[in-house]
Each structure stands twice: as structure tokens, then as C-alpha cells.
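Q: I'd like to go over a predicted model; first the sequence, then the structure.
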Amino acid sequence: MHPILSERKRIFIYLSVWIGLGILFSFVLKTLSAIPAAYAAVIALPMFVVLSQLNLSAWFLAKVFPPDKSELWKLFSALAVSTLLISGIWGMLCWGWVTLLERYFSVQLFSEKTAVQFGIVVLISAQLYLLSVGLSYFFMTFETSRTAERNALELQLLAQNAELKALRMQINPHFLFNSLNSINALISRNPEKAREMTTLLADFFRKSLQFGAKEMITLGEEVSLLNNYLAIETIRFGSRLTIEQNIEPPALAVRVPPLILQPLLENAVKHGIADSLSGGTIRISAEQKNEQVFVVIENPVDDDGMKKKGIGLGLENVRRRLQTVFHDTADLQTYREGSTFRTLVYFPMNNIFAEQ
Amino acid sequence: MKRQTMKAIIVDDEEPARNLVREFLSAHRNIEIIAECANGFEAVKAVTEQYPDIMFLDIQMPKLNGFEVLELLDELPAVIFVTAFDQYALKAFEVHAADYLLKPFTQERFTEALNHALKQFEHNKHYSVKNLLADVKPESEIRERILIKEGSKVLVIPVEKIDYIEAQDDYVSLRVEGKSHLKQQRLSLLEEQLPKHMFVRIHRSYILNIERIAKIELLAKDSRAALLKNGTTLPISRTGYEKLKEML
């Protein structure tokens, strides 16, 4: 939509400016050509209303040739052609209108219509058209910078929300209460283990808060958090939970958003261990391949004939965070192969946060 | 007067959690632990075979949660829920649980819960606890699976595996993969619990999985029968046919 036509108020102001210009031109006409004021107004005002409509096209020119993306010669040739066209059309219309008025009122308004007069008319309209184009560009740049500013703000807000959500998910109250219950149980039977679990739990929450406050952490830091979490769950689930890890050291340097893998691991433990009678093995692997780091988390699923529900809210949240930070260079995918559920996440090795 | 010994079972999928209950119970000489169960299936079996007086029951367990365990039992012991989740307290109240222990808890709070359970047990031992459950509103939430107890064994049947269900006196008979399974429930209640896009009450005594229909035969005016893919023929009533027509 044309910015002027999109609001009634703007149309009114725009037309007022042009009628003002029309009145000004009437005076010039009256003074220079010695035409009675009434005739001058009858000639000039309608023609300026017409010109105002023609000049609306200036905005489309600005739109098709944005200043920062167009080649200069293309812009200037387009400008030249459209200026000639608009002022040419207007010049002819003026000529026609004057001729029509002379016939209708049977008067001779101009002693003679010379090429010089026509040239002046064309020149005036060309100047006004160029002015319109200039103002269009000015308006457009203003709008663009405002939109960009708003987009940046929105993006920032989105990232903040994602982080908050991740943190909230992180501090899963049931995980905390069940762990505290385990400690409660261990205190008399196995005080050493109770002490170990207390420390593990403290480390886990400290790391969660520390990492969660940062924009990016290394995969190594994230993995240390995962190990902390797994150590706690091993005490809770006992022989139901076994862990296999295969993490290649070069992959540990990649920078990732904090707590991006933790919800995935929590999911794997919930579906693969807590919801299963016999438990099983959680496998975590990470490797670097072609400037990308691939992390895979596997958990067993037993087929009890239940239909699989769609991708969970937790996974969707992780995917959205990846998108916000990395756009299309990172993603999350899930597969089910027989009785194994596999979650794959990949990150770009040299991402924009690599130097921080 | 010497108090009689009470039999208790502990149901929790986490070993440390079972240990804690065991330890807290050791202070009470009149309670004997007759079983520890790591999941709901073991719990149903233990309760059916050993008739405990008190049950410590976790809610979030694999495959069969604490409430489903209760649903499957004919005779209920006094139940103390032991869980880290506080959002089930209201539902626990509805199934007349003696108490609701939130993990982690103290020995004092545990003893208090135990006393509630003993009181409930004294109060209820003259009549079946199941009677108490009768006034609980039957749940009409849509189920993805139907639980059936055969002896002390629990069957979990995903609803899409059911061919049809037939009413038989106080029971319903579920036809699944060539076998029949009896469940004590009214057909109308089961009808409310089954997904509407899959099952239709085609007759006063039959609910049919519409995916099993091979064709519908017209026997006489206003008298129709459904021929299933496995060769079974089931009668369709007039209102049943109206419902079926809407779905197909």
C-alpha cells in the first residue's frame, strides 16, 4: 500500500500541499502572462491536482530501486525516463486543458503558445517530480531504519524469552524433590553417597545458573552439566540407567547456547528410563565433521503399541532457540529406529560466536 | 490389649525412595513389610495375592501409574500416596487415600500419615473399601489404552487393537486379536472413555471399532448387520445405524 494513500489524514495533507502549490503557480501565471486571476486559477488548480496524482508514482520508483541495493546507472536511467514521461504527459495535459478552456470561453488566454512556454511547464513539473522522488527516498529510509530497529528489539526479546523458558525448564521441581528424597533416604544407610549426591545437586544448579546467564558456552561446559545430571539420575534409578559416551575432544570447543542439550537428555531419561520397566542405556556422542558438530542422544523406547505423540514441547523449544541463534545453520532432528529413539543436533563449528 | 500386626507394601520405581519408607517403618514394630514393588504390575500382583492392609504408593511410575493400580484392584488397602508431585492431591482425596506424602518428608510427617492409614483401616475393615469407591465420579476422560486384570496379571490393551466390545451382564468382553478379555465395567461408561472417531455403539450390547468393518448387510427392512474383516457378524440397531451412517 502506498504510504500516503494508506491514511485519510495523509491524503488530505498531501492534497493541501499540492493545492497550495497550485495557488502559488496561479500567481506566477497571472503576473508573468497577464492573465486574469480567475482564469489563472482555473488553469492551474485542476492541473496541480492532476500532477499530485502523477507524482504519487515517485514512491513506486523509490520502492523498485532501493538506494542501497540498486546499481546507480539503472536508478538514474529509470529516474530520467520516468521524469520525462511524467512531465511530458503533464505538459501535454496542460496544453490540452488551456486549448479546451479557450474554446469553451471563446477567449485568447495566451497570445501564442510557444515551445518556450511548454518547456517551462515541463521543467516545473520535472522539478516537482524529482522533489517527490527525493522525499520518497527520505521517507523510505526512515521507515526502513525504524523497522530494522523494531526487528532487532523483537529478536532480542525472543532470545530472552527462550533463555528464561530454558531456565524455568531447567529447574524442574520434580527432579529437585525426587533428588532430595534420595538424599533423605541415603543419609542413614549410606552417608558417603548422601554427601556425594548433595554436592552433585549443588554443582548442577550452580552450573545451570552460571551457564544460563551467558549468551554462549562451549560444548565442553554443556557436557559437564550433562554428566552432572546423569550422575544424579544414576543414583535415583540405580541399575535401570546405564550410560555410554563417545565424545570426540575437538567437538568440545564449539560454542552453543547454554542448556540447549540438557532438556533433550532429560527427555531421553524420562522416556527411555523413567517410563520403562526395565530401563536401558542412554548414549551420547559428539563428533566434528566438515565444519559442523553433530551431537546424538539415544534412548530406548519400548513398543507397547501406543501411538507416538508428535514432537514434544521441550524439543520444539530447543529447535526454536537454535533457529533464533543460528538461523538455518543448526537444527534438531529426531528419528525412531526400531526400539531406539535418536535425537540429532548439529551446530556450525565456526559460528559467529566463535571469537567471543 | 496387644495390637495386631499390620501388613504393608511399598510401591515405588526408585529404590532409594523404597528404602526410605522401609527405614521410617522400622520404627513401627506392629507393621510388617510383606512386599516391595518397583512398578504397578508388581503392585497389582502383590495386592491381589497377599492382601496387604496398608499400601505406600508412588504415582508416577512406568506404564501403570498409582491411580491405575487402584482402578485395577477389587479390594483396596488403606492407601498412602508418596510422590514428588503436588498436583494429584485432589484426585488422591477423591479416591479416599488415607494421606498424601510429598517427597521429601520427615519421620514425623510419615508417622502422621501412617496413623491416618491405621485409623482408616480400623474404620473400614467391617465393609469392603471398594464400596467407598462406588460414589467416586466415574472418569469419562478419553483413554488411549484399557487396563484389564486377569487373576493377578495386568493387561494393557491399546484401544486401536480392540475389534469390538460386547456387554455381558455386569461385565464387558473386549475382543482383541482373536481373544476375549473380561472387564468389570458398564458398557455405557466404557463408551464414554473410548475415542469417538474410532468406536461406535452400534447396538445396546455392542461397541464396534469402525476400522474393522468389511461391509454392512441389509437383512430385512430396518434390520442390518455388520460383517467384520475377521468374519464375525454383529447386529446393528436402528439408532446404531444412524450413528454409523454419520461416521462413514
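A: Alright, I've got the coordinates.
Q: CA-only coordinates of stretch B:17-25 in CSV, if you can.
A: As requested, the backbone C-alpha atoms of stretch B:17-25 are provided in CSV (Å, rounded to 0.1, in the frame of the first residue of the first chain):
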residue,chain,number,x,y,z
ALA,B,17,12.6,-44.0,47.8
ARG,B,18,11.5,-47.5,48.8
ASN,B,19,14.4,-47.7,51.2
LEU,B,20,13.3,-44.5,52.9
VAL,B,21,9.8,-45.8,53.6
ARG,B,22,11.3,-49.1,54.8
GLU,B,23,13.5,-47.2,57.2
PHE,B,24,10.8,-45.0,58.6
LEU,B,25,8.6,-48.1,59.0
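Q: if you go through the stretch 101-250 of chain A in chain order, where are the helices?
A: Shown for the stretch 101-250 of chain A, the helices assigned by DSSP state H, counting those that start in this stretch span residues A:115-170, A:173-189, A:191-212, A:219-237.
Q: Briefly note if the shortest one comes near chain B.
A: Yes: for helix A:173-189, a contact with chain B is found by Cβ under 8 Å from any Cβ of the partner chain, at A:173-174, A:177-178, A:180-186, A:188-189. For every residue, glycine as well, the C-beta is placed using N, CA and C.
Q: related to what we said a few turns ago, looking at the helices of the stretch 101-250 of chain A, which one is packed in the most?
A: Ranked by mean neighbour count, those are led by helix A:219-237 with a mean of 20 (mean count of other Cβ atoms under 10 Å in any protein chain shown).
Q: What's the first helix or strand after the helix or strand bottoming out on mean pLDDT in chain B?
A: Across the helices and strands of chain B, mean confidence by mean pLDDT, DSSP states H and E is lowest for helix B:129-134: a mean of 49. From helix B:129-134 onward toward the C-terminus, using DSSP states H and E, the following helix or strand is strand B:145-150.
Q: Let me know the average pLDDT across whichever helix or strand comes after that following strand.
A: Sequence order places strand B:153-158 as the next helix or strand after strand B:145-150, per DSSP H and E. Mean pLDDT, strand B:153-158: 91.
Q: Is strand B:153-158 in proximity to chain A?
A: Yes: Strand B:153-158 lies within reach of chain A by Cβ under 8 Å from any Cβ, at B:Val156, B:Pro158.
Q: Give the pairing partners of that strand; include direction for each.
A: strand B:145-150 (antiparallel) (DSSP bridges).
Q: Show me the contact partners of the partner strand.
A: A:306, B:44, B:48, B:64, B:68, B:71-73, B:154-159, B:162, B:174, B:181-183, B:190, B:193 (Cβ atoms under 8 Å, 6 or more residues apart in numbering or on different chains).
Q: Check which residues of stretch B:9-27 are buried.
A: B:9-25 (16 or more other Cβ atoms under 10 Å in any protein chain shown).
Q: Point out where chain B drops to low pLDDT.
A: B:1-3, B:125-140 (pLDDT under 70).
Q: List, one by one, the residues from chain A near chain B.
A: So chain A meets chain B at A:173-174, A:177-178, A:180-186, A:188-189, A:235-238, A:274-277, A:304-307 (Cβ under 8 Å from any Cβ).
Q: For the chain, list the residue farthest from the centre, please.
A: No chain was given, so I picked chain A. Most distant from the centre of chain A: A:Ser106, at 64.1 Å, with distances by Cα atoms, centre = their mean.
Q: oops, chain B please
A: Farthest-from-centroid check, chain B (Cα atoms, centre = their mean): B:Lys221, 42.0 Å.
Q: Excluding chain neighbours, give the residue nearest to B:Leu194 in space.
A: Closest residue to B:Leu194 apart from its sequence neighbours, by Cβ to Cβ, 6 or more residues apart in numbering or on different chains: B:Val159 at 6.0 Å.
Q: how far away is that neighbour from B:Leu147?
A: 11 Å (Cβ to Cβ, to the nearest Å).
Q: And these two? Which one has more around it.
A: B:Val159 (21 against 18; other Cβ atoms under 10 Å in any protein chain shown).
Q: Test my guess that that one contacts B:Pro195.
A: Yes: counting by Cβ atoms under 8 Å, B:Pro195 is a contact partner of B:Val159 at 6.3 Å.
Q: which neighbours do these two share?
A: With Cβ under 8 Å, 6+ apart as the test, B:Val159 and B:Pro195 both reach B:Glu144.
Q: ok, for the spatially most central residue of chain B, nearest residue in space, not its chain neighbours?
A: Taking Cα atoms, centre = their mean, the centroid of chain B lies closest to B:Glu71, which sits 2.6 Å from it. Leaving aside its chain neighbours, B:Glu71 sits nearest to B:Leu147 (6.5 Å; criterion: Cβ to Cβ, 6+ apart).
Q: before we move on, what about B:Gln193?
A: Spatial nearest neighbour of B:Gln193, excluding adjacent residues (Cβ to Cβ, 6+ apart): B:Arg143 at 4.7 Å.
Q: got the contact list for that neighbour?
A: B:Arg143 neighbours (Cβ under 8 Å, 6+ apart): B:Val159, B:Gln193, B:Leu194.
Q: Looking at the residues you listed, which one is closest to chain A?
A: Among these, B:Val159 lies closest to chain A (Cβ to the nearest Cβ), at 9.7 Å.
Q: mind checking how far that closest one is from A:Asp68?
A: Taking Cβ to Cβ, one finds B:Val159 at 61 Å from A:Asp68.
Q: ok, now A:Arg150?
A: From A:Arg150 over to A:Asp68 the distance is 19 Å, taken as Cβ to Cβ.
Q: go on, A:Leu241?
A: Relative to A:Asp68, A:Leu241 is positioned 57 Å away (Cβ to Cβ).
Q: ok, now B:Val200?
A: In this view, B:Val200 and A:Asp68 are 64 Å apart by Cβ to Cβ.
Q: Of those two, which one has the most company?
A: Set side by side, B:Val200 and A:Asp68 show unequal neighbour counts under other Cβ under 10 Å, the larger going to B:Val200 at 25 against 6.
Q: In what element of secondary structure is the more buried one found?
A: Short version, using DSSP H and E: B:Val200 is in strand B:199-203.
Q: distance between stretch A:323-334 and the chain's centre?
A: 14 Å (Cα atoms, centre = their mean, to the nearest Å).
Q: by contact count, what packs against the lengthiest helix in chain B?
A: In chain B, taking DSSP state H as the definition, the longest helix is helix B:107-124. In this structure, helix B:107-124 packs against helix B:15-25, strand B:54-57, strand B:78-83, strand B:99-102, with contacts taken as 3 or more Cβ pairs under 8 Å, 6 or more residues apart in numbering or on different chains; DSSP states H and E.
Q: I figured B:Gln185 hits B:Tyr171, correct?
A: Yes: assessed by Cβ under 8 Å, B:Gln185 is found in contact with B:Tyr171 at 7.4 Å.
Q: ok, these two, which is more surrounded?
A: Shown here are B:Gln185 and B:Tyr171; by other Cβ under 10 Å, B:Gln185 has more neighbours (19 against 15).
Q: Once you drop chain neighbours, what's closest to the more buried one?
A: Nearest non-adjacent residue to B:Gln185 (Cβ to Cβ, 6+ apart): B:Val172, at 5.5 Å.
Q: Which strand residues bridge the one you found?
A: Assessed by DSSP bridges, B:Val172 has beta-bridge partners B:Ala167, B:Lys183.
Q: Spit out the contact partners of it.
A: By Cβ under 8 Å, 6+ apart, B:Val172 lies in contact with B:Ile165, B:Glu166, B:Leu182, B:Lys183, B:Gln185, B:Arg186, B:Leu187, B:Leu190.
Q: Now do the lowest-mean-pLDDT helix or strand in chain A against helix A:219-237, angle only.
A: Least confident helix or strand of chain A, by mean pLDDT, DSSP H and E, is helix A:115-170 with a mean of 80. Note on geometry: by axes from the mean of the first three to the mean of the last three Cα atoms, to 10 degrees, helix A:115-170 and helix A:219-237 are set 30 degrees apart in direction.
Q: Run through the neighbouring helices and strands of helix A:115-170.
A: Going by 3+ Cβ pairs under 8 Å, 6+ apart, helix A:115-170 lies up against helix A:37-55, helix A:57-64, helix A:72-105, helix A:191-212, helix A:262-269, helix A:313-326.
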